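Engineer: Here's a sequence, model it:
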Amino acid sequence: MKASLKWLSLAFAASVALLWLIWLAWPGAPGRSVQRDILLTRLQQLQRLEVLQAQLLAHQQVRDPGLLSGSEFLIVAKGRAIYGVDLSQARFDSASGQLQLPPVGVLELVVNPADVEYIGLKKGLLLRQQSFEQLKREALIELHQALRQQARSPELLAEAEASLHGYVSGWLKSLGHEEIEIVFGSPLQ
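Structural biologist: Sure thing, here's the model as predicted:
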C-alpha cells in the first residue's frame, strides 16, 4: 500500500512538472509573453544601436569667372556615415509575434576639417581674401550636402537594415526566440 502510494505521488509530481514545462514552452503561454516583455525592455534600453559605418568621398570643381578677379580650385572631402536605429522606439505585437523596429537611418555624418582638401587654389588678382574665403566656405557647404545625399543612398540603407536584422535575429535566436518576426518601418496596426 505504501509503495503504491509512493509511486502514485511520484507519478503525479512528474505529470505536474511535465505540464508546467509544456505550459512554459507553449508560444502563447503567459510565461512566454513575460519573457518577451523582458526582452523588449532590454532591447529598448540599448537605445541607439550603430550597425554600419561607410566611408564617403565627394569632390567639386569651383570656378568663379572674372577677368582679373576669377578664382578656381578643386575641393575634396572624405566623410563617414554612421547608420543605426533608436531601439527605444521598438515595439512588440504579441498577437502577430512581430518585433517592430523603427527604420534604419543615418545617425551621424562626420566630416573632419582635416579630411577636407583644397587643390589648385587660384585666387583672382583683384579678389579680396575675405571673398575668396567665403567662396571656399560655400563650396564646402555644397560638398557637405553632396555627402549627406550619398549617405542616404538606398544601397547603403539596405545594407544597414540587413546588418541590423542579422544582429537582432541572432540575438533573439541565441535567447531561444526564433519565432519572433522582425519588421521595419511603419507602426504596427
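Engineer: Please make it C-alpha for all contacts and neighbour counts, starting now.
Structural biologist: OK.
Engineer: give me the element the residue nearest the centre of the chain is part of.
Structural biologist: In the chain, the centroid-proximal residue (C-alpha atoms, centre = their mean) is Gly84; its distance is 1.6 Å. Here Gly84 sits within strand 71-86, counting by DSSP states H and E.
Engineer: Val183 now?
Structural biologist: Using DSSP H and E, Val183 falls in strand 181-184.
Engineer: Likewise for Glu108?
Structural biologist: strand 105-110.
Engineer: chain center to that strand, what's the gap?
Structural biologist: 9 Å (C-alpha atoms, centre = their mean, to the nearest Å).
Engineer: now do stretch 115-135
Structural biologist: So, by C-alpha atoms, centre = their mean, the centroid of stretch 115-135 is 38 Å from its chain's centroid.
Engineer: And it, what's buried?
Structural biologist: By 16 or more other C-alpha atoms under 10 Å, the buried positions in stretch 115-135 come out as Val116, Lys123, Gly124, Phe132, Leu135.
Engineer: Tell me the spacing between the residue nearest to the centre of the chain and Leu109.
Structural biologist: 12 Å (C-alpha to C-alpha, to the nearest Å).
Engineer: what does Leu172 give?
Structural biologist: For Leu172, the distance to Leu109 - C-alpha to C-alpha - is 30 Å.
Engineer: ditto for Glu155
Structural biologist: 17 Å.
Engineer: More neighbours: the two, which one.
Structural biologist: Set Glu155 next to Leu109 and count neighbours by other C-alpha atoms under 10 Å: Leu109 wins out with 19 against 11.
Engineer: The more buried one: what's it in contact with?
Structural biologist: Listed by C-alpha atoms under 8 Å, 6 or more residues apart in numbering, the contact set of Leu109 reads Gly79, Arg80, Ala81, Ile82, Arg148, Ala151.
Engineer: do that again at 7 Å, thanks
Structural biologist: Gly79, Arg80, Ala81, Ile82 (C-alpha atoms under 7 Å, 6 or more residues apart in numbering).
Engineer: The closest residue to the last one other than its chain neighbours is in what secondary structure piece?
Structural biologist: Nearest residue to Ile82, sequence neighbours excluded (C-alpha to C-alpha, 6 or more residues apart in numbering): Gln53, at 4.6 Å. Per DSSP H and E: Gln53 is located in strand 48-64.
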